[in-house]
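Colleague: Below is the sequence, then the predicted model.
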Number of protein chains: 2
Amino acid sequence: MIRFSVMYPSTEGATFDYEYYRNQHVPLAVKTWGLDGAEIDRGVDGPYVAAVHFKFESLDALGAAMSAAGTGDVLADVANYTSIAPVLQTSEIVD
Amino acid sequence: MIRFSVMYPSTEGATFDYEYYRNQHVPLAVKTWGLDGAEIDRGVDGPYVAAVHFKFESLDALGAAMSAAGTGDVLADVANYTSIAPVLQTSEIVD
């Protein structure tokens, strides 16, 4: 199983609309990529103010999602909730 | 629910013993803190070569774990698998 995490580092002067992120953006990504769901984090302590973790069956499935027709719309939607440049992490869940 | 993530950034010249991490270190942390388990990531792409995600019922439960008697042993064990200084992130799982 592959975890694809998108993490938003705390950034001076930037804002983050958690409501839009939870109610509009992440559901759009989940629907576009045909996933069952995703886990959304709101930072309490540490470098990131927010994050989302998607799970994919394989690296091939993640690659297919990234090149899917609707993915451009998902990326374009980021500007609607934050100006923070996210950090992307792809990992294999080993346990 | 609280997610406590410990993430190891890719570091020039550093090593990371995944087998020890998975078979010794994370089980020690899980046992010390009385958790059901944890999710272990091996980095494929992005800034982190490894990570673990623990879930706690509350910030109070996380605080109690951090100040538990065995936590010093857990931290001292880090030197047995890596010289990388981890990044710590505490988040509320909102969805």
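Modeller: Received, thanks. Just so you know, these numbers come straight off a predicted model, no measurement behind them. Numbers count the residues shown, from 1 in each chain, chains lettered A, B, ... in the order given.

Colleague: gap between residue A:49 and chain B?
Modeller: Per C-beta to the nearest C-beta, to the nearest Å, residue A:49 is found 9 Å from chain B. For glycine as for every other residue, the C-beta is placed from the backbone atoms N, C-alpha and C.

Colleague: What about that residue, how many residues nearby?
Modeller: Applying other C-beta atoms under 10 Å in any protein chain shown, we find 21 residues neighbouring residue A:49.

Colleague: Helix or strand: which one has the nearest residue to it once chain neighbours are set aside?
Modeller: Spatially, and ignoring its direct neighbours in sequence, residue A:49 is nearest to residue A:43 (4.5 Å; C-beta to C-beta, 6 or more residues apart in numbering or on different chains). Assessed by DSSP states H and E, residue A:43 sits inside strand A:39-45.

Colleague: residues of that strand that come out buried?
Modeller: Within strand A:39-45, the residues that qualify as buried are A:39, A:40, A:41, A:42, A:43, counting by 16 or more other C-beta atoms under 10 Å in any protein chain shown.

Colleague: roughly how far is it from the heart of the chain?
Modeller: Between the centre of strand A:39-45 and the centre of its chain there are 12 Å (C-alpha atoms, centre = their mean, to the nearest Å).

Colleague: List the strands paired with that strand, with their directions.
Modeller: Paired neighbours of strand A:39-45 in the sheet (DSSP bridges): strand A:48-56 (antiparallel), strand B:87-93 (antiparallel).

Colleague: Chain A: helices as residue ranges?
Modeller: A:18-20, A:26-33, A:59-66, A:71-76 (DSSP state H).

Colleague: For the shortest one, report the contacting residues that lie outside it.
Modeller: I take that to be helix A:18-20. With contact meaning C-beta atoms under 8 Å, 6 or more residues apart in numbering or on different chains, helix A:18-20 is reached by A:42, A:50, A:80, A:81, B:94.

Colleague: Likewise for the second one?
Modeller: With contact meaning C-beta under 8 Å, 6+ apart, helix A:26-33 is reached by A:35-38, A:40, A:52, A:54, A:56, A:65, A:68, A:70-71, A:73-74, A:77, B:95.

Colleague: Give me the mean pLDDT for it.
Modeller: The average pLDDT within helix A:26-33 is 98.

Colleague: quick one: buried residues of it?
Modeller: Buried residues in helix A:26-33, counted by 16+ other C-beta under 10 Å: A:26, A:29, A:30, A:32, A:33.

Colleague: mind checking how far that helix is from the chain centre?
Modeller: 9 Å.

Colleague: Relative to residue B:11, which of the strands paired with strand A:39-45 is closest?
Modeller: Shortest distance between residue B:11 and the strands paired with strand A:39-45, using C-beta to C-beta, is found for strand B:87-93: 11.0 Å.

Colleague: buried sites along that closest one?
Modeller: By neighbour count on 16+ other C-beta under 10 Å, the buried set for strand B:87-93 is B:87, B:89, B:90, B:91.
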